[in-house]
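In: Model the structure of this input:
(one chain, ligands or ions: 3)
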Amino acid sequence: MSRISTDRMRELLPLYFIMGSQNCKLNPEEVLIKAIEAGITQFQFREKGENSLKGRDKIEFAKKLQTICKKHKIPFIVNDDIELAIALDADGVHIGQDDESAEIVRQKIGDKILGVSTHSIEEVEKAILEGADYLGIGPVFHTKTKKDAKSVQGTELIERVRDKGIQIPIVGIGGITAHNAASVIKGGADGVSVVSAISMSDEPYESAGELRKAAF
Ligand SMILES: Cc1ncc(COP(=O)(O)OP(=O)(O)O)c(N)n1
Ligand SMILES: Cc1nc(C(=O)O)sc1CCOP(=O)(O)O
Ligand SMILES: [Mg+2]
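Out: Ligands and ions are numbered 1, 2, ... in the order given. Coordinates of the predicted model:
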């Protein structure tokens, strides 16, 4: 296996759905299936925070969602939990600045996809040097999903990264909906990542479909 190419990574980012059981209004497996049917391009398992599953329950739930992703050929990325990603042979991991360093994580996961959250040009440059395949930049808009999110930054950092000629694949995150997704792409992102716009919808298939139209 070799590291994912930049072109292939870009193709996986247009509509990146992130979810844990704690985020779902309806049955999480059904939500994921509907989101896949509507055209999401990558999935992140983020079982975290209040009301999330722990221990064996978390592992069993992750396996169920991974099986759904495998069946539909959607990359399955694990948030934070590198050991789980390795144990399940997930397609990749996503880490932030408060997690293990990208350099160490890259050594642990080999050629799996590595996503890193960044909030400044310095963090962007460091993540690239340490082996990130894509960056998550946010919160672009106000979010209720992540209690410890940083202050809203719009698309400013995404634009600055592109103005410097940095080409790494980027997804915007935080408060993104079908109404504002196009502005994130216009700002220079390759895609949008969303939690609640799909996971809290009464109609996940329709909501994901609207996002897909807005983000492509
Ligand atoms: C695509 C994407 N971008 C950013 C994040 C946030 O990661 P992090 O800052 O590590 O926060 P938690 O998600 O771990 O709470 C993400 N998960 N995905
Ligand atoms: C997981 C996450 N990371 C963020 C960041 O800014 O890094 S914002 C966020 C939550 C995004 O959820 P929603 O689409 O419901 O706003
Ligand atoms: Mg994290």
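In: can we go C-alpha only for contacts and neighbour counts from here?
Out: Fine.
In: what about the residue nearest to residue 179 when sequence neighbours are not counted, distance to residue 199?
Out: Excluding its sequence neighbours, the residue lying closest to residue 179 (C-alpha to C-alpha, 6 or more residues apart in numbering) is residue 214, at 7.6 Å. Using C-alpha to C-alpha, to the nearest Å, residue 214 is found at 17 Å from residue 199.
In: which one of the two has more residues nearby?
Out: Between residue 214 and residue 199, residue 199 has the larger neighbour count (other C-alpha atoms under 10 Å), namely 27 against 19.
In: Name the nearest residue to the more buried one, sequence neighbours excluded.
Out: Nearest non-adjacent residue to residue 199 (C-alpha to C-alpha, 6+ apart): residue 24, at 4.9 Å.
In: was I right about residue 75 contacting residue 43?
Out: Yes. The pair residue 75 and residue 43 passes the contact test of C-alpha atoms under 8 Å, sitting 6.1 Å apart.
In: okay, and the common contacts of the two?
Out: Common contacts of residue 75 and residue 43 (C-alpha atoms under 8 Å, 6 or more residues apart in numbering): residue 69.
In: Between the two, which is the more surrounded one?
Out: Ranked by neighbour count (other C-alpha under 10 Å), residue 75 and residue 43 place residue 43 first, with 27 against 19.
In: Dig out what the more buried one forms beta bridges with.
Out: Judged by DSSP bridges, the bridge partners of residue 43 are residue 17, residue 76.
In: OK, contacts around the residue in the chain positioned nearest to ligand 1?
Out: Ligand 1 sits closest to residue 96 of the chain, with a gap of 3.1 Å, by C-alpha to the nearest ligand atom. Applying C-alpha under 8 Å, 6+ apart, we find residue 96 in contact with 80, 116-118.
In: let's see 10 Å
Out: 79-80, 102, 115-119, 127, 135-136 (C-alpha atoms under 10 Å, 6 or more residues apart in numbering).
In: Same check on residue 192?
Out: 13-17, 136-137, 170-174, 176-178, 180-182, 184-185, 211-212, 214-216.
In: now residue 114
Out: 3-4, 77-78, 91-95, 102, 105-106, 127, 130-135.
In: Kindly supply the ChimeraX command isolating those of those residues that are buried.
Out: Applying 16 or more other C-alpha atoms under 10 Å to the contacts of residue 114, the buried members can be selected in ChimeraX as follows:
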select :77,78,91,92,93,94,95,102,105,106,127,130,131,132,133,134,135
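In: Right, I'll call it a day here.
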